[in-house]
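> I'd like to go over a predicted model; first the sequence, then the structure.
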Amino acid sequence: MKITVKLFAFFREGRFIEEVREYPDKTTVSQVITGLGIDINAVGVTMISSRHCALDAPLQEGDQLGIFPLIGGG
Amino acid sequence: MSTLTASLEEVPADWAGHGGRGLTSTIVAAEVPPTCHPLGPHNKLVIAPGLLSGTPAANSGRLSVGGKSPLTGTIKEANAGGTSAQLLARCGCKALILEGQPQGDAWYSLALTPDGVTINTETELIGKGNFEVVDTLSERLPNKQGIITIGPAGEMKMASANVSIKDSDGHLRSAGRGGLGAIMGSKRVKFITIDPKDRKIDIANPDAFKEANKVFSKALIDNPISQALAQYGTNVLVNIINEAGGLPTRNFTTGQFEGHDKISGEAMYDRIKERGGKPKHGCHPGCVIQCSQIYNDINGKYKTSGFEYESIWAMGADCCVDDLDQIAEADSLMDDLGLDSIETSVAMGVAMEAGVLEFGDGAGICRLLKDEVGKGTGLGRILGGGAGSVGRAFGVSRVPVVKNQAIPAYDPRAVKGIGITYATSTMGADHTMGYSVATNILKVGGSVDPLSKEGQVELSRNLQIATAAIDSTGMCLFVAFAALDDAVCLPALIDLINARFGIALTGDDVVNLGKHILKTEKAFNDAAGFSKSDDRLPEFFEYEPLPPHNVVWDFSGEEIDSFWNF
């Protein structure tokens, strides 16, 4: 299935900003993360199509997955 | 200022345990008649360092400024970095209170030292922008003194005028919200200088203090959120708030902005590096988080610092400007004129809705700031009066304000927790008062669904109580990210306060302090004429669904009012 993966902040370093990538059916969010070589403990927020999702959420064809490190501000 | 005299008073016992916002709110509630005119002789401007300001405690250099707000008519406190909090504390000054009002046309400046305050007439710098005030005074004065100043906007008593504070680099930090600069202007004080000479702070238990500071600083430095803040500044938030569908765009008509990438923290970081600026920068000595930055123009010259998410969102997404250089130019103009960059920028968005400018006209924003607001023309005074003022002048109904203060960078329909804070805050629409965004969107301190009503009132209440207490310490509010998720951080902060004063506060005492401050502020507002009907969001949030989630604001009045059940 094709998923759009969007990376933010320093997760982009050495990787990409946004890419359409091919994954096997039922791939989970955490599998995408570890597959990209991102430390799962550094992940703050993940969103599928603008809604927060758990790390073990399964992805579907056409999903937009956003992966953010721990972020703060005001 | 009525008699042009200054007096030194002993701290009353009731005020001894207060600092920062707790102290400014206590003094305003005790001494300002709640129904007074904010620009008249009965309002006061109270300037107070925090309980820990002036000590070596990390991140403790925030200065609180309070009074009755000319913008909202409620009690108001705004705080900022810079060097003045630390220098005031070293002078042995717990609070500086400006009261009364001079007769006649003269302007004044105040010079504060450990021996007291002298009042001088001032002519040379009247009408000048804040940058010129700071540059001129830095040459005029013998030592590195603290400077608190108002720009032309404050002199003209515009309701969005800020109070500006010099930082270590000679640039400006803003006590931004609520028009406190207009109060200073109404008392005809252009600037205040602070020189502690060789005085230092006495700490009751220096060894305990040092230990607590080690634990506290480490908690701040080790917190992963500090890393993103140091690299990208608060502007790191553009992309995550946009992704969540809560970035108010085009005067709060949609929740995502097409140009978000161009104004993001990531884009700002790249540009800062290209132009030899500094992505990492502290707004006051002793800050270990360093979320500020030095942003240079295309020629590598200083343009602005403290280039915040709020300012960039407001001119960017809300006004649809996707040119970071135009936004930086406007930010610099607002620093110089002494204007709240949230209020003024949201006002520009309402002005665009009214047809005064096209959405996206960043050059037009700069022109209006320079030629209209800066010169005090009729249109300039409408814009400088804030978002509500523009809405009233031009007959606009989509005006995003609560208690006449502009709503900041999170749409309440898509981030319901912050909507409760906007509605119930004692100071009008304010995001820092109870930053529910942390738990709704950033998943800090737990997780509450931003699109659901469930848990939001309790979340906002807990955060507002905690924030009122933190705002009394002189701590930058960003210590809260560590305090919410690292169990050693809050106890270390309490240890610091105890070691500073030789007292024995507990966690419960801190919670009670926060509750007490909120109730003090609410009592003032009630006496000033505010009621439940003022704790509401503008009507359009209830019937205009916000894309992409197509959500509306659906809290009942009773649900909102339950906030005060404590």
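Structure received.

> how about the residues of chain A that lie near chain B?
Chain A comes close to chain B at residues A:6, A:8-10, A:12, A:17, A:42, A:44-45, A:47, A:50-52, A:66, A:68-74, as judged by Cβ under 8 Å from any Cβ of the partner chain. (Glycine included, C-beta is placed from N, CA and C.)

> ok, of these, which come out buried?
Buried subset of those (neighbour count, 16 or more other Cβ atoms under 10 Å in any protein chain shown): A:6, A:8-10, A:44-45, A:47, A:50-52, A:66, A:68-74.

> roughly how far does the closest residue to B:Leu8 other than its chain neighbours sit from chain A?
Beyond its immediate neighbours in the sequence, the residue positioned closest to B:Leu8 (Cβ to Cβ, 6 or more residues apart in numbering or on different chains) is B:Gly116, lying 5.3 Å away. Using Cβ to the nearest Cβ, to the nearest Å, one obtains 36 Å as the distance from B:Gly116 to chain A.

> how many other residues sit next to B:Gly116?
The criterion is other Cβ atoms under 10 Å in any protein chain shown. On that basis, B:Gly116 has 12 neighbouring residues.

> tell me if I'm right that B:Trp313 and B:Leu247 touch.
Yes: applying Cβ atoms under 8 Å as the test, B:Trp313 and B:Leu247 come out as touching, 6.7 Å apart.

> okay, and the common contacts of those two?
With contacts taken as Cβ atoms under 8 Å, 6 or more residues apart in numbering or on different chains, the residues that reach both B:Trp313 and B:Leu247 are B:Val238, B:Ile241, B:Ala409.

> distance check, the last one against chain A.
Just to be clear, that refers to B:Ala409. 9 Å.

> my guess is that residue contacts B:Glu308. True?
No: contact between B:Ala409 and B:Glu308 fails when scored by Cβ under 8 Å: they sit 9.2 Å apart.

> that older thread, who has more neighbours out of B:Trp313 and B:Leu247?
Applying other Cβ under 10 Å to B:Trp313 and B:Leu247 shows that B:Trp313 carries more neighbours, namely 30 against 26.

> quick one: secondary structure of that one?
Here B:Trp313 is recorded as helix under DSSP: H, G, I helix; E, B strand; the rest coil.

> mind listing what it touches?
The neighbours of B:Trp313, taking Cβ under 8 Å, 6+ apart as the test, are B:Leu237, B:Val238, B:Ile241, B:Leu247, B:Pro248, B:Ile263, B:Pro408, B:Ala409.

> make it 10 Å
Residues counted as contacts of B:Trp313 (Cβ atoms under 10 Å, 6 or more residues apart in numbering or on different chains) are B:234-235, B:237-238, B:241-242, B:247-249, B:257, B:260, B:263, B:319, B:327, B:342, B:345-346, B:408-410.

> report pLDDT for it.
Each residue has a pLDDT score; the one for B:Trp313 is 98.

> what distance do you get for it to B:Ile418?
Shown here: B:Trp313 relative to B:Ile418, a distance of 13 Å by Cβ to Cβ, to the nearest Å.

> mutual contacts of these two, please.
When contacts are counted by Cβ under 10 Å, 6+ apart, B:Trp313 and B:Ile418 have B:Pro408, B:Ala409, B:Tyr410 as shared neighbours.

> in CSV, list the residues you listed along with pLDDT, secondary structure and distance to B:Gly378.
Supplementary listing: those in CSV, determined by pLDDT from 0 to 100; DSSP: H, G, I helix; E, B strand; the rest coil; distance: Cβ to Cβ, whole Å:
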residue, pLDDT, secondary structure, distance to B:Gly378
B:Pro408, 98, coil, 27
B:Ala409, 98, coil, 29
B:Tyr410, 98, coil, 33
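
> any quick PyMOL command for the buried ones out of those residues?
Entered in PyMOL, the line below selects the buried ones among those, by 16+ other Cβ under 10 Å:
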select buried, chain B and resi 408+409+410
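
> coming back round to it: which phi and psi does the residue nearest to B:Leu8 have?
phi 140, psi -160 (degrees, to the nearest 10).

> is the residue in the stretch 1-150 of chain B that chain A sits nearest to in a helix, a strand, or coil?
With distances taken as Cβ to the nearest Cβ, the stretch 1-150 of chain B approaches chain A most closely at B:Asn79, which sits 11.8 Å away. For B:Asn79, the reduced secondary structure class is strand; criterion used: three-state DSSP.

> touching, it and B:Leu63? I think so.
Yes: here B:Asn79 lies in contact with B:Leu63, judged by Cβ atoms under 10 Å, at a distance of 6.1 Å.

> count the neighbours of B:Val488 for me.
Counted with other Cβ under 10 Å, B:Val488 comes out at 15.

> I should have written B:Gly170 there, sorry.
14.

> now it: closest residue in space, sequence neighbours ignored.
B:Val134 (5.6 Å).

> what's the separation between the one you found and B:Val390?
The span separating B:Val134 from B:Val390 equals 30 Å under the rule Cβ to Cβ.

> more crowded one of these two?
B:Val390 (27 against 20).

> let me know the helix or strand that the more buried one is in.
For B:Val390, the enclosing helix or strand under DSSP states H and E is helix B:387-394.

> which helices and strands sit right next to that helix?
Helix B:387-394 makes packing contacts with helix B:341-353, helix B:378-384, strand B:401-402, strand B:405-406 when contacts are defined by 3 or more Cβ pairs under 10 Å, 6 or more residues apart in numbering or on different chains; DSSP states H and E.

> just say helix, strand or coil for the residue of chain A positioned farthest from its centre.
Residue farthest from the centre of chain A, counting by Cα atoms, centre = their mean, is A:Gly74 at 23.7 Å. Three-state call for A:Gly74 (three-state DSSP): coil.

> bridging residues for the residue nearest to the spatial centre of chain A?
Here the mean C-alpha position of chain A is nearest to the C-alpha of A:Ile67 (Cα atoms, centre = their mean), at a distance of 3.8 Å. Each beta-bridge partner of A:Ile67 is listed here: A:Leu7, A:Thr46, as defined by DSSP bridges.

> so how far is A:Ile38 from it?
Taking Cβ to Cβ as the measure, A:Ile67 and A:Ile38 are separated by 7 Å.

> so what sits against both of those two?
Applying Cβ under 10 Å, 6+ apart, one finds that A:Ile67 and A:Ile38 are jointly contacted by A:Leu7, A:Phe11, A:Arg15, A:Val32.

> near chain A, which residues of the stretch 101-250 of chain B? Just list them.
The interface of the stretch 101-250 of chain B toward chain A, taken as Cβ under 10 Å from any Cβ of the partner chain, is made up of B:223-229, B:231-246.

> element containing the residue of the stretch 451-566 of chain B found nearest chain A?
Closest to chain A within the stretch 451-566 of chain B is B:Phe481: 4.3 Å, counting by Cβ to the nearest Cβ. Under the criterion of DSSP H and E, B:Phe481 resides in helix B:479-485.

> flag every buried residue along that helix.
Buried residues in helix B:479-485, counting neighbours by 16+ other Cβ under 10 Å, are found at B:Val479, B:Ala480, B:Phe481, B:Ala482, B:Ala483, B:Leu484, B:Asp485.

> mind listing the strands for the stretch 1-150 of chain B?
Remark: strands of the stretch 1-150 of chain B, listed N- to C-terminal, are B:45-49, B:63-68, B:75-80, B:96-98, B:107-113, B:116-122, B:146-149; assignment by DSSP state E, counting those that start in this stretch.

> one more: chain A?
In chain A, the segments counted as strands under DSSP state E are A:2-7, A:18-22, A:43-48, A:51-52, A:64-69.
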